[in-house]
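A.B. asks: for reference, the sequence and a predicted model appear below.
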Amino acid sequence: MNDTGVSLAYLLAAVCFIVALKGLSSPRTARLGNLVGIAGAVIAVVVTFADVGTRNLAPILAALVVGSAAGAVAARRVAMTGMPQMVALFNGVGGAAGALVALLELAGSGPSRGQVAVGAFTVLIGSVTFSGSVLTFAKLQELMTGRPVVFGGMRPAAALLAAATLALGAWTAVEAPIGVAVGLAVLSLVGGVLFVLPVGGADVPIVISLLNAFSGVTVAAGGYVLGNTLLIVAGTLVGASGMLLTRMMAAAMGRSIANILFGAFGGETTLGGGTATDRPVRSAGPQDIAILLGYARKVIVAPGYGLAVAQAQHALSDLAGELERRGVEVLYAIHPVAGRMPGHMNVLLAEADVPYDRLKEMDVVNPEFKTADIALIVGANDVVNPAARSTPGSPIYGMPILDA
């Protein structure tokens with residue numbers, strides 16, 4: 001295949017990726033966006049085979065078969081509540097692949113000085129992405145505690161590790177000894193662990209989004225090392241969208257990314273919380289709540305992170321269905337960080353057969369609260385907490401909230 005044909009095919013694949021991202025911005029067009037993205041990936045793989053020929057065809061095909069089988073099984077078996085964990089693993093695999101490719105290129109002969117420097121960066125960021133993603137998976141899958149983990153001397157240890165990692169990275173970029181590059185990978189793996197350990201609770205999904213951006217940067221840098229334009233484009237798209245998503249999630253929580261990532265180093269919690277008040281609290285049992293709901297005409301449900309963790313979306317859908325059969329209007333107030341990731345709550349409720357038109361974004365539903373008889377808050381303490389507006393010392397102060 002000639003160079004012009006390859007370039008045009010790569011351009012078509014890149015356009016498919018861009019259109020896919022646009023389609024994924026709305027649940028109504030997400031399925032089409034996925035199909036367009038798949039088409040772009042198929043074009044990229046086929047053209048690459050046609051361009052480089054059939055060298056090492058057997059192991060490549062074997063890897064494709066194994067990877068496709070693993071992906072198909074994961075897609076069919078992983079519950080919607082486990083989707084953030086699977087995203088974390090996919091981020092890690094992307095980072096590991098980029099780091100391994102860069103190591104192989106550094107071990108070979110003929111890379112230019114620029115490729116060597118970018119290769120060192122790829123090893124560093126790809127290794128951090130891999131180990132950090134594995135740790136976020138373990139936290140969300142409850143294989144380890146989901147709370148921040150901090151130990152004595154962690155701050156100086158992290159600073160020393162960062163200095164050593166940067167020194168090895170600079171050495172690799174200047175002289176490219178493969179032994180030093182391997183050492184860089186090892187230190188970067190440890191750095192990824194220290195990067196994620198101090199983060200806990202609902203902040204873990206934000207780190208997943210950031211690591212997703214890292215995986216895109218790894219792919220883009222790997223594309224430069226390999227001289228592949230499409231990898232640079234695809235990686236840049238993933239990196240840019242991941243970083244924008246991370247900033248949106250942090251803004252939705254009213255906190256800076258630095259506070260989320262490094263707050264625990266300074267003795268702050270990353271779990272969030274509020275200050276105690278002396279407002280009276282009236283307790284009620286299930287029968288009391290059932291009576292209130294039975295006499296209501298409009299109910300707004302505010303589902304949150306707790307619902308996602310408890311996998312209570314089906315029970316909530318059953319309750320809403322019973323209310324609707326009694327003539328009660330039920331709406332769902334969706335905060336940007338209601339689930340474990342942006343859009344996750346929408347997916348969870350769709351899995352429980354909640355009609356999409358009942359899901360209302362925060363800006364749309366907030367004026368509706370004053371016309372509702374009951375606001376039913378399910379595992380959403382933070383996104384409805386008035387301390388976000390009234391208590392400057394609160395960890396969630398400044399976070400936009402639902403007007404429940």
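C.D. replies: Structure received.
A.B. asks: for this structure, where's the lowest mean pLDDT among helices and strands?
C.D. replies: helix 257-262 (a mean of 73; mean pLDDT, DSSP states H and E).
A.B. asks: which helices and strands does whichever helix or strand comes after it pack with?
C.D. replies: Per DSSP states H and E, the first helix or strand lying C-terminal to helix 257-262 is helix 286-295. In terms of contacts (3 or more Cβ pairs under 8 Å, 6 or more residues apart in numbering; DSSP states H and E), helix 286-295 is packed against strand 374-378. Yep, even glycine has a C-beta here, placed from its N, CA and C like the rest.
A.B. asks: pLDDT of the strand it packs on, averaged?
C.D. replies: Throughout strand 374-378, pLDDT has a mean value of 91.
A.B. asks: cool, stretch 165-175 as well?
C.D. replies: Mean pLDDT, computed over stretch 165-175, is 89.
A.B. asks: identify each buried residue in it, please.
C.D. replies: Of the residues in stretch 165-175, 165, 168-169, 171-173 count as buried by neighbour count, 16 or more other Cβ atoms under 10 Å.
A.B. asks: now, which of those lie within helices?
C.D. replies: Members of the buried residues of stretch 165-175 lying in helices (criterion: DSSP state H): 165, 168-169, 171-173.
A.B. asks: make JSON lines from the residues you listed and add distance to residue 347 to it.
C.D. replies: Listed next are these as JSON lines, based on distance: Cβ to Cβ, whole Å:
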{"residue": "165", "distance to residue 347": "37"}
{"residue": "168", "distance to residue 347": "41"}
{"residue": "169", "distance to residue 347": "38"}
{"residue": "171", "distance to residue 347": "45"}
{"residue": "172", "distance to residue 347": "41"}
{"residue": "173", "distance to residue 347": "42"}
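A.B. asks: which of those residues lies closest to residue 362?
C.D. replies: Closest approach to residue 362 among these (Cβ to Cβ): residue 165, at 40.0 Å.
A.B. asks: helix or strand: which one has the closest residue in space to the closest one that isn't next to it in sequence?
C.D. replies: Spatial nearest neighbour of residue 165, excluding adjacent residues (Cβ to Cβ, 6 or more residues apart in numbering): residue 187 at 4.5 Å. Residue 187 belongs to helix 178-196 when assigned by DSSP H and E.
A.B. asks: next SSE downstream of the strand or helix carrying residue 13?
C.D. replies: Assessed by DSSP H and E, residue 13 sits inside helix 3-23. Note on helix 3-23: by DSSP H and E, the next helix or strand toward the C-terminus is helix 30-52.
A.B. asks: that next one - contacts with which helices or strands?
C.D. replies: helix 3-23.
A.B. asks: coming back round to it: farthest-separated two in the ones in helices among the buried residues of stretch 165-175?
C.D. replies: It's 165 and 173 that sit farthest apart of those, by Cβ to Cβ, at 12.5 Å.
A.B. asks: so what's in contact with those two at the same time?
C.D. replies: Taking Cβ atoms under 8 Å, 6 or more residues apart in numbering as the criterion, residue 165 and residue 173 do not both touch any residue.
A.B. asks: helix or strand for residue 71, which one?
C.D. replies: Per DSSP H and E: helix 57-77 holds residue 71.
A.B. asks: that helix vs helix 30-52, what angle?
C.D. replies: 170 degrees (axes from the mean of the first three to the mean of the last three Cα atoms, to 10 degrees).
A.B. asks: mind giving me the packing neighbours of helix 57-77?
C.D. replies: Against helix 57-77 (3+ Cβ pairs under 8 Å, 6+ apart) you get no helix or strand.
A.B. asks: show residues contacting that helix.
C.D. replies: Contacts of helix 57-77 (Cβ under 8 Å, 6+ apart): residue 86.
A.B. asks: buried set for that helix?
C.D. replies: Of the residues in helix 57-77, none is buried (16+ other Cβ under 10 Å).
A.B. asks: can I have that helix written out in CSV, keeping just the CAs?
C.D. replies: Output of helix 57-77 as CSV, limited to C-alpha atoms (Å, rounded to 0.1, in the frame of the first residue of the first chain):
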residue,chain,number,x,y,z
LEU,A,57,2.1,-12.4,11.6
ALA,A,58,1.5,-15.6,13.8
PRO,A,59,2.2,-14.0,17.2
ILE,A,60,0.3,-10.9,16.2
LEU,A,61,-2.8,-12.8,15.2
ALA,A,62,-2.5,-15.0,18.4
ALA,A,63,-2.4,-11.8,20.5
LEU,A,64,-5.4,-10.4,18.6
VAL,A,65,-7.4,-13.6,19.3
VAL,A,66,-6.5,-13.7,23.0
GLY,A,67,-7.2,-10.0,23.5
SER,A,68,-10.5,-10.1,21.6
ALA,A,69,-11.7,-13.1,23.6
ALA,A,70,-10.8,-11.5,26.9
GLY,A,71,-12.5,-8.2,25.9
ALA,A,72,-15.7,-10.1,24.8
VAL,A,73,-15.9,-12.0,28.0
ALA,A,74,-15.3,-8.9,30.1
ALA,A,75,-17.9,-6.9,28.2
ARG,A,76,-20.6,-9.6,28.8
ARG,A,77,-19.8,-10.5,32.4
